[in-house]
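*Asks:* Sequence first, then the predicted structure:
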Amino acid sequence: MSRIGKKTINLPQNTDIEVTENNVNITGPRGKLSYQLPEVIRIKHDIKNQTLNLYKTHENKEAQKLYGLSRTLINNMVLGVSKGFEKKLRIQGVGYRSQLQGKNLILNVGYSHPVTIEPPKDIVIEVENNVNITIKGIKKETVGEVAAQIRRIRPPEPYKGKGIRYLNEKINIKVGKAGK
């Protein structure tokens with residue numbers, strides 16, 4: 001049984017929340033996000049302590065699943081509008097590089113043509129030293145999806161390790177052919 005739903009969500013001072021029936025709107029310095037709560041989940045806002053608590057209206061398996069999920073999604077929304085999320089990627093390989101053209105990311109990673117990636121409207125992509133890519137945004141899911149989409153263009157290969165990888169990702173390098 002999950003115990004995640006029981007944890008309280010602490011609201012930072014620069015974050016405002018508005019709860020109307022099943023809708024939760026969270027506003028912070030980085031933007032505004034909203035979430036529709038499932039019918040079996042209710043939310044209680046403690047204004048004095050600046051905390052949120054979720055509770056179930058029914059005791060069944062479906063309510064238990066949605067309990068922890070809803071708490072995690074709302075907590076990610078609070079973190080997103082206050083601090084934001086970021087993922088870092090690193091390009092490794094001879095001649096592999098990246099650059100920004102306006103908001104679009106241009107990747108030269110060994111194909112006969114450069115690959116252009118147009119980010120969603122709430123995502124910011126930064127490039128440092130032509131090999132370090134940082135993806136920033138307020139939605140954790142979108143940041144992770146854009147990072148996975150970029151990595152999917154040229155995943156690291158197991159013999160030399162060339163490709164696009166997450167910053168702290170460990171690639172197990174295989175031994176090549178043994179010569180006779």
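*Replies:* Perfect, thanks for sending it.

*Asks:* Work out for me the element residue 65 sits within.
*Replies:* Residue 65 is located in helix 61-82, with elements delineated by DSSP states H and E.

*Asks:* Tell me the neighbouring strands of the helix or strand following that helix, and mark each as parallel or antiparallel.
*Replies:* Following helix 61-82 in sequence order, the next helix or strand is strand 85-92 (DSSP H and E). Sheet pairing of strand 85-92 (DSSP bridges) gives strand 132-137 (antiparallel), strand 163-166 (antiparallel).

*Asks:* which helices and strands does the helix or strand following the first one pack with?
*Replies:* Using DSSP H and E, the helix or strand that follows strand 132-137 towards the C-terminus is helix 140-153. In this structure, helix 140-153 makes packing contacts with helix 61-82, strand 85-92, strand 104-108, strand 115-117, strand 123-128, strand 132-137, strand 163-166, judged by 3 or more Cβ pairs under 8 Å, 6 or more residues apart in numbering; DSSP states H and E. Any C-beta I mention is one placed from the backbone N, CA and C, and that applies to glycine too.

*Asks:* Within the sheet, what are the partner strands of the fifth one, with directions?
*Replies:* Sheet neighbours of strand 123-128, with direction, are listed as strand 132-137 (antiparallel) (DSSP bridges).

*Asks:* can you list contacts of the partner strand?
*Replies:* 80, 84-91, 98, 105, 119-120, 122-128, 143, 146-147, 150, 164, 167 (Cβ atoms under 8 Å, 6 or more residues apart in numbering).

*Asks:* quick check: angle from that strand to helix 140-153?
*Replies:* With axes from the mean of the first three to the mean of the last three Cα atoms, to 10 degrees as the basis, strand 132-137 and helix 140-153 are set at 150 degrees to each other.

*Asks:* of the strands paired with strand 85-92, which approaches residue 69 most closely?
*Replies:* Taking Cβ to Cβ as the criterion, strand 132-137 is the member of the strands paired with strand 85-92 that comes nearest to residue 69, at 20.5 Å.
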